[in-house]
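**Q** no sequence on this one, just coordinates:
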């Protein structure tokens, strides 16, 4: 995107291509999360949830990316 001229057809085409990739990744994550929660609800008798300091984990640069990828808020 940095090498394209804003407003040009190449810029718009690349922007839509990147948007499609982001949507695909978001859909994959949502589907995986749905499959996991569905499996847990149907196969596990008891689920225990721990209260975590999510804001503190997101501030830690070593944990932030990994914790954001699992979608803990949606879970």
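**A** Good, I have the coordinates. On a predicted model such as this, the values are computed, not experimentally measured, just so you know.
**Q** going forward, measure contacts and count neighbours with C-alpha atoms only.
**A** Fine.
**Q** From residue 25, how far off is residue 68?
**A** Using Cα to Cα, to the nearest Å, residue 68 is found at 13 Å from residue 25.
**Q** actually residue 50, not the one I typed
**A** For residue 50, the distance to residue 25 (Cα to Cα) stands at 27 Å.
**Q** Which one of these two is surrounded by more residues?
**A** More crowded of residue 50 and residue 25, by other Cα atoms under 10 Å: residue 25, with 12 against 5.
**Q** mind showing which ranges of the chain have poor pLDDT?
**A** Along the chain, the parts satisfying pLDDT under 70 run over 72-73.
**Q** which residues of the chain fall in helices?
**A** 9-43, 54-59, 64-70 (DSSP state H).
**Q** Quick one: closest of those to residue 2.
**A** Proximity to residue 2 (Cα to Cα) singles out helix 9-43 among the helices of the chain, at 9.2 Å.
**Q** and that closest one, how far from the chain's centre?
**A** Its chain's C-alpha centre and that of helix 9-43 lie 8 Å apart, by Cα atoms, centre = their mean, to the nearest Å.
**Q** again with stretch 35-47
**A** Distance of stretch 35-47 from the chain centroid (Cα atoms, centre = their mean) equals 21 Å.
**Q** just stretch 48-64 next, same as before
**A** 15 Å.
**Q** Can you give me the end-to-end span of it?
**A** Chord length of stretch 48-64, first to last residue, is 23 Å (Cα to Cα).
**Q** Give me the buried positions along that stretch.
**A** residue 57 (16 or more other Cα atoms under 10 Å).
**Q** Run through who's touching that stretch.
**A** 65, 67, 68 (Cα atoms under 8 Å, 6 or more residues apart in numbering).
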